[in-house]
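**Q** Model the following, please.
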Amino acid sequence: MTREEYVEIHKDTFLEELFDLLRIPSISADSAYASDVQKCAEYVAKRLKEAGAENVTLEKTAGNPIVYGDKMIDPSKPTVLVYGHYDVQPSVPDNLWHTPPFEPTIKNGNIYARGACDDKGQMYMHVKALQTMLETGTLACNVKFMIEGEEEIGSTNLGIYVKENSEKLKADVVLISDTGMIANDIPSIDTGLRGLSYVEVEVTGPNIDLHSGTFGGAIANPINVLCDMISSLHDENRHITIPGFYDNVDEVSDKDRAEMDKTPFDLENYKTELEVFDVMGEKGYSTIERTGIRPTLDVNGIWGGYIGEGAKTVLPSKAYAKISMRLVPSQTSTEITEKFQRHFESIAPKAVRVKVTPHHGGEAAVTPTDSPAYLAASRAMEKTFGKKPIPTRGGGSIPIVALFEKVLGIKTVLLGFGLDSDAIHSPNEKYGLFNFYKGIETIPYFYEYFAEVK
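**A** Purely as a prediction, here's the structure:
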């Protein structure tokens, strides 16, 4: 039986299993869901074992468990380390979902659910690809799985685990499907990811909330001050104003920028899909460059004062914001976090007190396009899509990628099948049925071609 025939026979079962996985609200950022995160890890381990993996265990960490499993067929063959994550972002605001976030629904050829694309749907392709290869006798490489439950909160404990288990995780390449491609008819492979610095800021004015009529205009309003401070972090050209922020930014050559400009991209369609009248970003760079090769600073959440129904004329005691900075090669998350903290504290007026709390971060990563692993991935996509994939730079962050290279000494291949329109981290996240099955079809070819060239 061929792999294609096996998948066709079992495709409905594969989808039912994915739906069971998507029903588990494994939200790592909220401790209220700790039992669900554990349940999800156990489910992944169960399915991985059923797929044919051996030595399947839940590896304990100081946080959520890591699911490990392997299938070592021949010590003379190359080894692929598959990384993915089973935790998901919070689903809020739930009222903006067209269907319940943890009740997967198929509509217009897409699976709608939190985690459908990021990363349960993409991670589960690898589990089913392993099963398909083993059942058809076509597994060409050794394989190890490392599926974590803290990617959405910084992978802090995974870094510790990797350092303590470097021999156990020894491999020739890391294979990750937690990224995307340009379109279903334009395959692409990310060759780089941005780093991340994530902080929370707190601005405090008076010691209690005050009446805005009695005290308004005489006492600093922390929300007003916070908005002013945040606004000052960009100049009129959307250039970040933190001193030294761009000191170590690698400038991409005109030649490489010209190559990036060849990437198929329709700005009008982009604006139409997002329902915006225009784009906005750093002056002098295109939309693709702004999301791939330039650092950014964005407010991810801001709150304070009264936000309930009706009116309450209050001058708040505190205001808060969560801020993320996407970083490019040669910037380091620790240094950028320190520069942000110094600057943000320095621009605060004396009428308020400012506290900056660093959360998590990670470094940018670039993968070569001439390595045996990348060439194998390119051949695999060309085989199943009928056209050679385009190398692109991803705007997102997978902080652990840089650590894999530093600790394990191996590069990563980012073989993602998601789309920009999949609304990851947003309400109505989706993942195409086409993409799910195309991933299961493509991954075995990567193993086949990597075994030939390694």
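
**Q** going forward, measure contacts and count neighbours with C-alpha atoms only.
**A** Will do.

**Q** Show me the domain layout of this protein.
**A** 3-193+364-453, 195-249+295-362 (automatic domain parsing).

**Q** Could you export the ones you listed to a markdown table, including columns for mean neighbour count?
**A** Supplementary listing: the domains of the chain in a markdown table, determined by neighbours: other CA atoms under 10 Å:
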| stretch | mean neighbour count |
| --- | --- |
| domain 3-193+364-453 | 20 |
| domain 195-249+295-362 | 17 |
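
**Q** I'd like these written out as TSV, with distance to residue 284 and mean pLDDT added.
**A** Formatted as TSV, the domains of the chain follow (distance: least, CA to CA, whole Å; pLDDT from 0 to 100):
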stretch	distance to residue 284	mean pLDDT
domain 3-193+364-453	18	96
domain 195-249+295-362	9	96
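
**Q** Quick one: closest of these to residue 266.
**A** domain 3-193+364-453 (11.0 Å; CA to CA).

**Q** re earlier: for residue 260, which of the domains of the chain is the nearest?
**A** Once the domains of the chain are compared by CA to CA, domain 3-193+364-453 is nearest, at 7.4 Å.

**Q** Distance from the chain centre to that closest one, please.
**A** Averaging C-alpha positions (CA atoms, centre = their mean, to the nearest Å) puts domain 3-193+364-453 11 Å from its chain's average.

**Q** What are the boundaries of the helices in the stretch 1-150 of the chain?
**A** For the stretch 1-150 of the chain, applying DSSP state H, counting those that start in this stretch gives helices covering 3-22, 34-51, 120-135.

**Q** thinking residue 209 is in contact with residue 319, fair?
**A** No: applying CA atoms under 8 Å, one finds residue 209 not in contact with residue 319, separated by 11.0 Å.

**Q** Any chance you could list residues touching both of these two?
**A** residue 305 (CA atoms under 8 Å, 6 or more residues apart in numbering).

**Q** Ramachandran coordinates for the residue of the chain most remote from its centre?
**A** Most distant residue from the mean C-alpha position of the chain: residue 214, 46.8 Å away (CA atoms, centre = their mean). Backbone torsions of residue 214, given as degrees, to the nearest 10, read phi -70, psi -40.

**Q** and the gap between it and residue 319?
**A** 20 Å (CA to CA, to the nearest Å).

**Q** what do you get for residue 403?
**A** Relative to residue 319, and taking CA to CA, residue 403 is found at 35 Å.

**Q** Hmm, residue 207 is touching residue 317, no?
**A** Yes: using CA under 8 Å, residue 207 is in contact with residue 317, at 5.9 Å.

**Q** Can you show me the helices along the stretch 201-350 of the chain?
**A** Going by DSSP H, counting those that start in this stretch, the stretch 201-350 of the chain shows helices at 212-215, 222-231, 254-260, 267-274, 287-290, 333-346.

**Q** With just CA atoms, put the helix or strand that the last one is followed by into CSV.
**A** Once helix 333-346 ends, the next helix or strand along the chain (criterion: DSSP states H and E) is strand 353-362. Once non-C-alpha atoms are left out, strand 353-362 reads as follows in CSV (Å, rounded to 0.1, in the frame of the first residue of the first chain):
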residue,chain,number,x,y,z
ARG,A,353,5.9,55.8,39.4
VAL,A,354,6.8,53.2,36.7
LYS,A,355,7.5,49.5,37.0
VAL,A,356,8.7,47.4,34.1
THR,A,357,8.4,43.6,34.5
PRO,A,358,10.2,41.5,31.8
HIS,A,359,8.4,38.4,30.8
HIS,A,360,9.9,36.1,28.2
GLY,A,361,12.2,36.5,25.2
GLY,A,362,14.2,34.8,22.6
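
**Q** follow-up on the earlier one: residue 184 is nearest to which of the helices of the stretch 1-150 of the chain?
**A** Using CA to CA, those put helix 120-135 closest to residue 184, at 14.8 Å.

**Q** Output the helices of the stretch 201-350 of the chain in CSV; the columns should cover distance to residue 363.
**A** Conversion of those to CSV gives the following (distance: least, CA to CA, whole Å):
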stretch, distance to residue 363
helix 212-215, 44
helix 222-231, 24
helix 254-260, 21
helix 267-274, 28
helix 287-290, 18
helix 333-346, 6
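
**Q** So for residue 38, which of these sits nearest?
**A** helix 333-346 (29.5 Å).

**Q** Now do the closest one: which elements does it pack against?
**A** Using 3 or more CA pairs under 8 Å, 6 or more residues apart in numbering; DSSP states H and E, the elements in contact with helix 333-346 are strand 195-204, strand 353-362.

**Q** Can I get the ones you listed in JSON lines including distance to residue 10?
**A** Converted to JSON lines, the helices and strands packed on helix 333-346 look like this (distance: least, CA to CA, whole Å):
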{"stretch": "strand 195-204", "distance to residue 10": "39"}
{"stretch": "strand 353-362", "distance to residue 10": "39"}
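
**Q** Which one of these lies nearest to residue 22?
**A** Among those, strand 353-362 comes nearest to residue 22, with 25.5 Å by CA to CA.

**Q** Parallel or antiparallel, list what pairs with the helix or strand following that closest one.
**A** The helix or strand immediately downstream of strand 353-362 is strand 365-366, counting by DSSP H and E. Each strand paired with strand 365-366, and its direction, by DSSP bridges: strand 192-193 (antiparallel).

**Q** Please name the residues that touch residue 1.
**A** Neighbour list for residue 1: residue 136 [criterion: CA under 8 Å, 6+ apart].

**Q** gap between it and residue 7?
**A** Distance from residue 1 to residue 7, by CA to CA: 10 Å.

**Q** With residue 26 instead?
**A** 27 Å.

**Q** got the helices of the stretch 1-150 of the chain as CSV, with distance to residue 434 columns?
**A** Converted to CSV, the helices of the stretch 1-150 of the chain look like this (distance: least, CA to CA, whole Å):
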stretch, distance to residue 434
helix 3-22, 11
helix 34-51, 21
helix 120-135, 12
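
**Q** need the contact list for residue 374.
**A** 368, 413.

**Q** try 10 Å this time
**A** 173, 189, 191, 367-368, 380, 391, 411-415, 446, 450 (CA atoms under 10 Å, 6 or more residues apart in numbering).
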